[in-house]
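> Got a predicted model here, sequence first, then my questions.
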Amino acid sequence: MISVKEAENLINETKFSPEIKKIPLKEAVGHYLAKPIKADRPFPPFDRVAMDGIAIYHEAFEKGNKDFSIEKTQFAGDPQSELTNHDACIEIMTGCILPKNADTVIPYEEIERTGDSFNIRSSKITKGQNIHF
């Protein structure tokens with residue numbers, strides 16, 4: 001066994017002192033970053049839908065509405081749409097821009113389609129769920 005002083009000396013003699021250098025990305029395997037990478041802007045630059053399903057105005061659900069008529073469908077890559085009727089929904093796909101006036105996304109697994117509307121089967125819906133802000 002060695003003394004504490006000898007152990008400290010061994011640690012100090014073998015202390016890791018990383019070398020900071022610039023190398024091409026293709027040669028970066030086995031290296032690590034000297035500084036954290038930070039984005040210069042939010043990415044994506046919008047609130048993004050994280051699940052296929054419907055986008056609703058949560059307050060309508062809180063007031064007891066469980067049947068939401070389909071106002072329109074928005075696909076990933078489409079421009080941002082707007083929910084004009086708070087008692088309706090927009091059928092949306094993963095990756096979409098969150099529609100204006102919508103603040104909650106409910107996945108298909110928690111809803112049932114009946115004609116031109118969706119019925120919410122779950123009672124555990126929280127405002128802001130399934131949105132990547």
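Cool, the structure landed. Numbering: from 1, shown residues only.

> out of all of them, which helix in this structure is the longest?
In terms of residue count, the longest helix belonging to the chain (DSSP state H) is helix 4-13.

> Output that helix as PDB, nothing but the C-alphas.
This file holds the C-alpha atoms of helix 4-13, laid out as PDB (Å, rounded to 0.1, in the frame of the first residue of the first chain):
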ATOM      1  CA  VAL A   4      -1.800   9.400   0.400                       C
ATOM      2  CA  LYS A   5       1.100  11.700  -0.600                       C
ATOM      3  CA  GLU A   6       2.500   9.100  -3.000                       C
ATOM      4  CA  ALA A   7      -1.000   8.600  -4.500                       C
ATOM      5  CA  GLU A   8      -1.400  12.300  -5.000                       C
ATOM      6  CA  ASN A   9       2.100  12.500  -6.700                       C
ATOM      7  CA  LEU A  10       1.100   9.600  -9.000                       C
ATOM      8  CA  ILE A  11      -2.200  11.300  -9.900                       C
ATOM      9  CA  ASN A  12      -0.400  14.600 -10.600                       C
ATOM     10  CA  GLU A  13       2.300  12.900 -12.700                       C
END
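
> Could you list the residues in contact with it?
Taking C-beta atoms under 8 Å, 6 or more residues apart in numbering as the criterion, the residues outside helix 4-13 that touch it are residue 2. Bear in mind the C-beta positions are built from the backbone N, C-alpha and C, glycine included.

> pLDDT averaged over it - what is it?
Helix 4-13 carries an average pLDDT of 91.

> Now it: buried residues?
Counting neighbours by 16 or more other C-beta atoms under 10 Å, one finds that helix 4-13 has no buried residues.

> Report the distance from that helix to the chain centre.
Distance, stretch centre to chain centre, for helix 4-13: 47 Å (C-alpha atoms, centre = their mean, to the nearest Å).

> Ok, stretch 109-120 next?
On C-alpha atoms, centre = their mean, the centre of stretch 109-120 falls 24 Å from that of its chain.
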